[in-house]
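K.L.:
test case, fold it:
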Amino acid sequence: MTTGHRITIERSGGHVRVVHGGQVLAESDRSLVLRETGCPERYYIPPGDVRMELLAPSDARTYCPFKGTASYWSLPDATDLVWAYPDPKPDVAEIKDHLCFYEVEVF
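P.N.:
From the prediction side, this is the model:
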């Protein structure tokens, strides 16, 4: 990582719920919280705790020099709402295949 940029990953320690349009998309007690310099906290949820049947894969891809290339999923009314890193950089290997949402509640 470059000087001044830091990423930490740890178990969230709380219950995480993702709701969109009144529908629960994910619930987990096993999520990871990623803290990155200059970014909001992000919760990465194991795929087994996500209702994948509600999500459609997207063709979108983005690249982060610290995490790698992200793949995205959408809902009919929310394009690219969810992302994951199928092959993350070694420094953030723990988030491999975990899904991250823009809208998260933590209890």
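
K.L.:
distance of residue 56 relative to residue 75?
P.N.:
With distances taken as Cβ to Cβ, to the nearest Å, residue 56 is found 7 Å from residue 75. Quick note: C-beta positions are derived from backbone N, CA and C, even for glycine.

K.L.:
so which of these two has more stuff around it?
P.N.:
Between residue 56 and residue 75, counting by other Cβ atoms under 10 Å, residue 75 is the more crowded of the two (16 against 13).

K.L.:
skipping adjacent residues, who's closest to that one in space?
P.N.:
Distance criterion Cβ to Cβ, 6 or more residues apart in numbering; nearest residue to residue 75, sequence neighbours excluded, is residue 81 at 5.8 Å.

K.L.:
quick one: contacts for that neighbour?
P.N.:
Counting by Cβ atoms under 8 Å, 6 or more residues apart in numbering, residue 81 touches 20, 55, 72, 73, 74, 75, 101, 102, 103.

K.L.:
let's see it at 10 Å
P.N.:
By Cβ atoms under 10 Å, 6 or more residues apart in numbering, the residues touching residue 81 are 18, 20, 25, 55, 58, 72-75, 99-103.

K.L.:
okay, now residue 69: neighbour count?
P.N.:
Other residues lying near residue 69 total 13 when counted by other Cβ under 10 Å.

K.L.:
quickly list what residue 7 is bridged to.
P.N.:
Bridge pairing for residue 7 (DSSP bridges) gives the partners residue 36.
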